[in-house]
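J.: Pasted the sequence and its predicted model underneath.
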Amino acid sequence: MYNVVSALVEILKKIVPVPVVRIFRTPYHFLLAFLFAFINNFPAKKMTVVGVTGTKGKSTVSEMLFAIMRTAGHRTALASTIRFAIGEQSEPNKFKMTMQGRGGF
């Protein structure tokens, strides 16, 4: 489904003027997020999200929370500037960004 939407967006970029794109950008992103949430039965309803903010120590605190929650038996995922992890699977964050966009990881 993502490939279809991406292909459609590339076609529209070539034929729709930039001022029109600016007008519809926010509703487009909202509808796209809603569509994928709907298709996947609104998975965020069953999630608890913990965000860590600040100037220093975010990755350390995130890793510690991830380890504590996993040890306590919770299903966990982690997105940090160091790595991305879901349960036992982990891969390094090559871009050092946690918000990579729709095509992220």
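T.: That came through, no problem. If you're wondering where the values come from, they're calculated on a predicted model, not measured in any experiment.
J.: Which elements pack onto the longest helix belonging to the chain?
T.: When the chain is parsed with DSSP state H, its longest helix is helix 18-39. Applying 3 or more C-beta pairs under 8 Å, 6 or more residues apart in numbering; DSSP states H and E, we find helix 18-39 packed against no helix or strand. Backbone N, C-alpha and C define where each C-beta goes, glycine included.
J.: Any buried residues in that helix, and which?
T.: For helix 18-39, a neighbour-count test (16 or more other C-beta atoms under 10 Å) marks nothing as buried.
J.: Tabulate the CA atom coordinates of that helix in CSV.
T.: Only the C-alpha atoms of helix 18-39 are listed here, as CSV (Å, rounded to 0.1, in the frame of the first residue of the first chain):
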residue,chain,number,x,y,z
VAL,A,18,3.6,24.2,-5.4
PRO,A,19,1.0,26.7,-3.9
VAL,A,20,-1.7,24.1,-4.2
VAL,A,21,0.6,21.5,-2.6
ARG,A,22,1.1,23.8,0.4
ILE,A,23,-2.6,24.1,0.9
PHE,A,24,-3.2,20.4,0.9
ARG,A,25,-0.1,19.2,2.7
THR,A,26,-1.5,19.2,6.3
PRO,A,27,-4.8,17.5,5.3
TYR,A,28,-2.9,15.0,3.2
HIS,A,29,-0.6,14.0,6.1
PHE,A,30,-3.6,13.7,8.5
LEU,A,31,-5.6,11.5,6.1
LEU,A,32,-2.6,9.3,5.3
ALA,A,33,-1.9,8.7,9.0
PHE,A,34,-5.6,8.1,9.6
LEU,A,35,-5.8,5.6,6.7
PHE,A,36,-2.9,3.5,7.9
ALA,A,37,-4.1,3.6,11.5
PHE,A,38,-7.6,2.5,10.2
ILE,A,39,-6.1,-0.3,8.1
